[in-house]
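J.: I'd like to go over a predicted model; first the sequence, then the structure.
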Amino acid sequence: MARKIPKHPSLDIVGSDGAELSGKKIVLCVTGSVAAYKSIELARLLMRHSANVTCVVSNAATKLIQPAYFKWATGNPVITKLTGDLEHITVADYKKSDLILVYPCTANTLGKLASGIDDTPIGTVLTVGFGSKIPILMCLAMHAAMYENAAVQKNITFLKKKIDFVSPNMIEGKAKAAEPEDVLEFVLKKFGFSSVLKGKKVLITAGPTIEYLDPVRVITNQSTGRTGVLLADELVSAGAKVTMVYGPGREKPPSGLKLVSVKTAKEMFMAVKNEMKKKFDIVIMAAAPADYTLEKPSYSKIKSTNSKMTVKLVKVPKIIDHVKKLQKDVFLVGFKALARVSKKELESEARRKMRECGADLMVANDVGSIRYRKNPENNEVLIVDSKKTLSSGWKNKEKIAKLIRKEIERRINS
């Protein structure tokens with residue numbers, strides 16, 4: 001009986017943040033830039049999204065970081081030289097890998113690929129991968145003067161027709177390698193799909209609504225639509241088929257989805273009802289529609305010379321309360337915003353609303369907190385289901401959207 005080979009402990013993180021790169025083999029080429037130390041973080045981020053990462057490390061990079069560190073990070077053997085085992089063929093021949101990622105990429109490595117020079121392990125891996133049409137992604141890192149050199153720019157222009165680049169950050173006279181999180185985002189959007197969400201039909205609402213006082217003036221709220229837009233982008237990146245009903249928010253909707261633009265709460269309600277004539281797997285109510293509208297808006301502009309104005313508001317139907325009536329078996333995610341309440345009150349109200357509308361998951365936050373009013377680009381949400389409550393902690397809204405997506409995936413897959 002064959003002895004079972006134990007799993008490397010570093011592989012315990014695989015899939016901890018998602019399954020978008022499940023089954024993907026990524027070759028991470030690390031060249032001799034001081035940004036090489038960030039490649040460890042990048043490898044781990046890719047693994048957390050289920051990628052299998054093998055590192056090819058240049059001789060110059062080994063003087064900055066010991067190869068054993070890359071073995072610890074990925075759980076896979078590290079390639080530092082080519083031997084009779086034909087490592088360059090093993091990782092870069094036809095269909096052997098799904099992506100070759102050079103991070104960081106020096107001007108030297110860039111120039112060698114553009115010129116077909118393969119006098120190093122990384123150069124040879126790139127030459128083979130280029131010939132076998134494996135996608136290549138380069139993340140440049142060098143001094144600004146080198147980056148702006150005409151020969152370097154010529155190489156970039158030539159290779160851009162055939163491979164991908166993540167632009168460097170121009171800081172302090174240097175073209176610094178993009179942050180690992182930005183590279184991960186690029187990889188996920190280009191190559192990553194969620195085994196759980198791929199092909200799922202998702203309807204999401206986002207943004208505020210406006211209610212007309214007269215043809216000029218409106219009642220609205222301070223929602224920008226940012227969280228809903230970011231969440232829609234996450235779902236598109238995961239391979240879901242997304243329809244977004246979007247009020248007049250300030251954020252640009254992502255590409256790759258069906259967009260239905262609305263203005264008023266009534267228009268949003270009717271758009272949701274119309275879209276739900278088709279079957280959806282998931283419905284996410286991330287918008288902030290008005291709770292009240294004018295009983296009788298003025299047909300013409302109200303004169304500004306009036307010293308007082310009294311308007312009569314009437315209740316608007318809650319869209320989320322009708323979703324399960326339209327489709328009983330849909331996975332419903334609701335959003336609940338309160339102001340200046342304790343976490344206990346926030347959780348209690350979210351759970352009450354969840355029971356009331358039949359939602360499977362609720363996302364609740366306090367929009368009246370001092371830190372949120374000072375920095376609305378960040379947020380802290382409670383993700384509530386019938387049994388448990390998860391606090392996101394204070395994070396930027398990009399990370400909040402990723403967390404919400406992850407929690408949706410986890411529950412659908414359970």
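T.: That came through, no problem. Remember, predicted model here, so these are calculated numbers, not experimental data.
J.: now Lys325: how far from Ala265?
T.: Distance, Lys325 to Ala265, by CB to CB, to the nearest Å: 18 Å. Quick note: C-beta positions are derived from backbone N, CA and C, even for glycine.
J.: that should have said Gln222, apologies.
T.: When distance is defined by CB to CB, Gln222 is 16 Å away from Ala265.
J.: equivalent analysis for Lys161, please.
T.: Lys161 is 48 Å from Ala265, by CB to CB.
J.: ok, those two, which is more surrounded?
T.: For the pair Lys161 and Ala265, the greater number of neighbours falls to Ala265 (24 against 6), based on other CB atoms under 10 Å.
J.: isn't the more buried one up against Ala290?
T.: Yes. Here Ala265 reaches Ala290: they are 4.5 Å apart, a contact under CB atoms under 8 Å.
J.: identify the contacts common to these two.
T.: Common neighbours of Ala265 and Ala290, using CB atoms under 8 Å, 6 or more residues apart in numbering, are Thr209, Glu211, Val316.
J.: of the residues you listed, which belong to strands?
T.: Judged by DSSP state E, strands contain the following of the shared contacts of Ala265 and Ala290: Glu211.
J.: the shared contacts of Ala265 and Ala290 into JSON lines, with extra columns for pLDDT?
T.: Converted to JSON lines, the shared contacts of Ala265 and Ala290 look like this (pLDDT from 0 to 100):
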{"residue": "Thr209", "pLDDT": "98"}
{"residue": "Glu211", "pLDDT": "97"}
{"residue": "Val316", "pLDDT": "94"}
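J.: redo the shared contacts of Ala265 and Ala290 as a markdown table? Include distance to Ile65 and neighbour count.
T.: Below are the shared contacts of Ala265 and Ala290 laid out as a markdown table (distance: CB to CB, whole Å; neighbours: other CB atoms under 10 Å):
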| residue | distance to Ile65 | neighbour count |
| --- | --- | --- |
| Thr209 | 53 | 27 |
| Glu211 | 59 | 21 |
| Val316 | 59 | 18 |
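J.: which among the shared contacts of Ala265 and Ala290 gets closest to Gly75?
T.: Distance to Gly75 across the shared contacts of Ala265 and Ala290 (CB to CB) is lowest for Thr209, with 50.1 Å.
J.: quick one: contacts for the closest one?
T.: Thr209 is in contact with 220, 247-248, 262-265, 267-268, 287-290, counting by CB under 8 Å, 6+ apart.
J.: may I have the phi/psi pair for it?
T.: Phi and psi for Thr209, reported as degrees, to the nearest 10, are phi -130, psi 170.
J.: tell me the pLDDT of the most centrally placed residue in the chain.
T.: Taking CA atoms, centre = their mean, the centroid of the chain lies closest to Glu234, which sits 4.3 Å from it. Glu234 is assigned 91 on the pLDDT scale.
J.: report the contact partners of it.
T.: When contacts are counted by CB under 8 Å, 6+ apart, Glu234 touches Ala401, Lys402, Ile404, Arg405.
J.: now do the same for it: helix, strand or coil?
T.: Three-state assignment for Glu234 (DSSP: H, G, I helix; E, B strand; the rest coil): helix.
J.: residues making contact with stretch 181-197?
T.: Contacting residues not belonging to stretch 181-197 are listed as 18-22, 24, 26, 42, 45-46, 49, 98-99, 101, 103, 135, 137, 139, 164, 166, 235, 237-240, 405, 408-409, 412-413 [CB under 8 Å, 6+ apart].
J.: tell me which of the contacts of Glu234 has the lowest pLDDT.
T.: Lowest pLDDT among the contacts of Glu234: Lys402, 90.
J.: for the helix or strand containing it, name the packing helices and strands.
T.: Taking DSSP states H and E as the criterion, Lys402 maps to helix 397-412. Helices and strands touching helix 397-412, by 3 or more CB pairs under 8 Å, 6 or more residues apart in numbering; DSSP states H and E, are helix 226-237, strand 282-285, strand 331-338, strand 361-366, strand 378-379, strand 381-384.
J.: can you add distance to Gly256 and give the ones you listed back as JSON lines?
T.: Below are these laid out as JSON lines (distance: least, CB to CB, whole Å):
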{"stretch": "helix 226-237", "distance to Gly256": "4"}
{"stretch": "strand 282-285", "distance to Gly256": "16"}
{"stretch": "strand 331-338", "distance to Gly256": "20"}
{"stretch": "strand 361-366", "distance to Gly256": "23"}
{"stretch": "strand 378-379", "distance to Gly256": "24"}
{"stretch": "strand 381-384", "distance to Gly256": "25"}
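J.: return the most buried member of these.
T.: strand 282-285 (a mean of 26; mean count of other CB atoms under 10 Å).
J.: partner strands of the next helix-or-strand element following that strand, parallel or antiparallel?
T.: In the C-terminal direction, the helix or strand that comes right after strand 282-285 (DSSP H and E) is strand 292-294. Strand 292-294 has its sheet partners listed here by DSSP bridges as strand 313-315 (antiparallel).
J.: and the next element down the chain from the strand it pairs with?
T.: helix 320-326.
J.: same question for that following helix, mean pLDDT?
T.: For helix 320-326, mean pLDDT is 97.
J.: got a list of contacts for it?
T.: Contacts for helix 320-326 (CB under 8 Å, 6+ apart): 269, 272-273, 276, 283, 285, 330, 332, 334, 353, 356-359.
J.: can you redo those residues as CSV with distance to Asp119 and pLDDT?
T.: As requested, these are exported to CSV (distance: CB to CB, whole Å; pLDDT from 0 to 100):
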residue, distance to Asp119, pLDDT
Phe269, 66, 98
Val272, 61, 98
Lys273, 65, 98
Met276, 61, 98
Val283, 56, 99
Met285, 58, 99
Val330, 58, 98
Leu332, 59, 98
Gly334, 59, 98
Lys353, 64, 97
Glu356, 68, 97
Cys357, 65, 97
Gly358, 65, 97
Ala359, 60, 98
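J.: among the residues you listed, which ones are buried?
T.: Phe269, Val272, Met276, Val283, Met285, Val330, Leu332, Gly334, Lys353, Cys357, Ala359 (16 or more other CB atoms under 10 Å).
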